[in-house]
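Undergrad: One predicted model, sequence on top.
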Amino acid sequence: MRNHEEGTTAIVAVCGKGGVGKTTISAAIARILLGKPGRVLAIDADPSVGLATALGFNVRKTVDDIREDLIRHLKSGNTGNREQVVARLDYEIFAALEEKGNLAFLAIGRPEGAGCYCQVNELLRDIITAVADNFDTIVIDGEAGIEQVNRRVMERVSHLLLVSDSSARGIAVAQSIAEVAGKSMQYERAGLLVNRLRGDEENYIRIPDDLPCLGWVPEDEEIRTYNLRGRSILDSPETPFFNSVRDCLCSLGILSEDVPSGKRIYKSTEIP
Amino acid sequence: MRLFEEIIGELGSFREAVQRGSTFRAYRAAPGSAWPQSERGSIVMKSETAVELGSPKDESVSFLVWTEDASLVKDGVISLIGPDLAESAVHSLPFGKAVILGVNGFTEENCYERHREIELLRFDVNLEGYMMRAVSQHMREWSRISTEALAKGFSLKIMGGVLIEMYRSLDYVHAAEILFITSSSEDVRKLRGLGERSNKIIGAMNKMAVELALDCSTCEYNEVCAQVAGLRSLRDSLAKEK
């Protein structure tokens, strides 16, 4: 199924300006990979935890909750040795994973703050990395804007999917993220997905030459209704929206072209 | 050093009392117990799981005690109260585990480090189709056994055998015995009572090892030290050093 190098984990980060539909795109990617061979981990790195709703998961604990619990525990004088702390965090992270078939879900919650508990943050990052190594594909629904890329949260990302709506501002933010990521990340591929296109908007959008465009996704009333009602995208019927996202995954190298994608409504215009 | 002898004695009485009302069997660990290894940190997803033991939703307890009195350890014996993995009618079982080790050469100086070493050993068990996560402070141990591993014959007898062999590989461990409980949440809760007592002894031992001052008047382990002679001798020995 995967076009990505065999035996390595493909880590797809979905980034862009707030409100452009990153969460819906992330959920669609998870849906497309659900039930296919290989394990998939969806990480909600947006503090608003919208991906959980989009995938129909009930978040009982976030990574931030685990961090706060441990810090409270340490402050109360129950230090324990390093191995005990690592084992406890490992247990808690695993208990926080929600699962459906070959899809697992983890919510990050609030981003880590700077401070004297950076060691806890480092341990958590190591444990999440070790857990992540068990998966074939990881989809990260990023925080809005450029902050996460700046904080080097996404150092190990292999594929950067920049999402924008048709607005010039959305595309400008995507370009800024691409610039920062180009300096701080060692990703394999990156590209722009223009979401929620209406009518003939594609004729008026100006995409910078240095930002490879992976494809266009039409505004989809069905998906919009699912979002409005807070229903899981996993339950929605197959629509052209999913075909466009599937095409984008092929362009990005996450899916092979031979995967049947049904009728293509919008074609990728450029392959990076 | 005598720290856990009373608990080990009570574990024997507990096993006899609980086994009367449940399925009980005792296996002998086969020499060279083996199962294919997996990579460290491997996971088994829920959809791949045949049986889950001691999940966060179920009762779970796991602890380890040791003694220098060889007569207290039935070396190589794996006792199981309740169904083995293939016999389970349900996907998720409560889980209790008590490991009793026969050791030698434990002193006030080395008992903290040695206990830490044997306690961490279970995290080096990386078996194909078996995933384990544990929190020592809460004595919880949660494991998943994959459908594939179960079909190939993985059982608590095999798991116990691998653990016993691992503990015996340490120079200072000469005997190992394991008790597994999968019969009921109530039985696991009863075992937890004994585990909590051992946990207090370990807590006191750890505190003495890491704290500079040994002021008994303000210590939360005062009561447990009063009951366990081995802890008092450990404290006196460390007080002289400090």
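TA: Good, I have the coordinates.

Undergrad: Now do the strand or helix carrying A:I127: everything it contacts.
TA: Using DSSP states H and E, A:I127 sits in helix A:118-132. Residues outside helix A:118-132 that contact it (C-beta atoms under 8 Å, 6 or more residues apart in numbering or on different chains): A:9, A:11, A:41, A:63, A:66-67, A:70-71, A:74, A:85-86, A:89-90, A:93-94, A:97, A:106, A:112, A:138, A:156, B:41, B:43. Placement of C-beta: from N, CA and C, glycine included.

Undergrad: swap in stretch B:123-133?
TA: Contact with stretch B:123-133 is made by A:83, A:87, A:90-91, A:94-95, B:35-44, B:122, B:134, B:141-146, B:148-150, B:152, B:154, B:159, B:162-163, B:166, as judged by C-beta under 8 Å, 6+ apart.

Undergrad: circling back: after the helix holding A:I127 comes which helix or strand?
TA: Trace forward from helix A:118-132 with DSSP H and E and the next one is strand A:137-141.

Undergrad: Counting by contacts, list what that following strand packs against.
TA: For strand A:137-141, the packing partners by 3 or more C-beta pairs under 8 Å, 6 or more residues apart in numbering or on different chains; DSSP states H and E come out as strand A:10-16, helix A:22-33, strand A:40-44.

Undergrad: If you drop the residues flanking it in sequence, what lies closest to residue 207?
TA: Let's take chain A. A:C213 (5.2 Å; C-beta to C-beta, 6 or more residues apart in numbering or on different chains).

Undergrad: That was the other one, I meant chain B.
TA: Excluding the flanking residues, the one nearest B:K207 by C-beta to C-beta, 6+ apart is B:Y221, at 6.1 Å.

Undergrad: okay, that neighbour: pLDDT?
TA: You'll see B:Y221 listed with a pLDDT of 81.

Undergrad: Do any residues in stretch B:96-110 lie close to chain A?
TA: No. Stretch B:96-110 lies out of reach of chain A by C-beta under 8 Å from any C-beta of the partner chain, never closer than 15.1 Å.

Undergrad: What's the PyMOL line that selects buried ones from the contacts of stretch B:123-133?
TA: Here is the PyMOL selection string for the buried members of the contacts of stretch B:123-133, based on 16 or more other C-beta atoms under 10 Å in any protein chain shown:
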select buried, (chain A and resi 87+90+91+94+95) or (chain B and resi 35+38+41+42+43+44+122+134+141+142+143+144+145+146+149+150+154+159+162+163+166)
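
Undergrad: what's the strand ranked longest in chain A in contact with?
TA: Identified as the longest strand of chain A according to DSSP state E is strand A:189-197. Defining contact as C-beta under 8 Å, 6+ apart, one finds that strand A:189-197 is touched by A:20-21, A:24-25, A:158-166, A:171, A:174, A:178, A:181-182, A:202, A:205, A:207, A:211-219, A:245, A:248, A:251-253, A:266, A:272.

Undergrad: Please, a PyMOL command that selects the buried ones among these?
TA: Selection of buried members from the contacts of strand A:189-197 for PyMOL, criterion 16+ other C-beta under 10 Å:
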select buried, chain A and resi 20+21+24+25+158+159+160+161+162+163+164+165+166+171+174+178+181+202+205+207+211+212+213+214+215+216+217+218+219+245+248+251+252+253+266
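
Undergrad: So which of the contacts of strand A:189-197 belong to helices?
TA: Counting by DSSP state H, the contacts of strand A:189-197 place A:24-25, A:171, A:174, A:178, A:181-182, A:245, A:248, A:251-252 in helices.

Undergrad: Let me see the ranges of the strands in chain B.
TA: Under DSSP E, chain B gives strands at B:24-28, B:49-53, B:60-67, B:77-81, B:92-93, B:95-103, B:130-135, B:140-146, B:173-181.

Undergrad: Dump those into CSV; add mean pLDDT as well.
TA: Compiled in CSV, the strands of chain B are given as follows (pLDDT from 0 to 100):
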stretch, mean pLDDT
strand B:24-28, 93
strand B:49-53, 97
strand B:60-67, 97
strand B:77-81, 97
strand B:92-93, 96
strand B:95-103, 98
strand B:130-135, 95
strand B:140-146, 97
strand B:173-181, 97
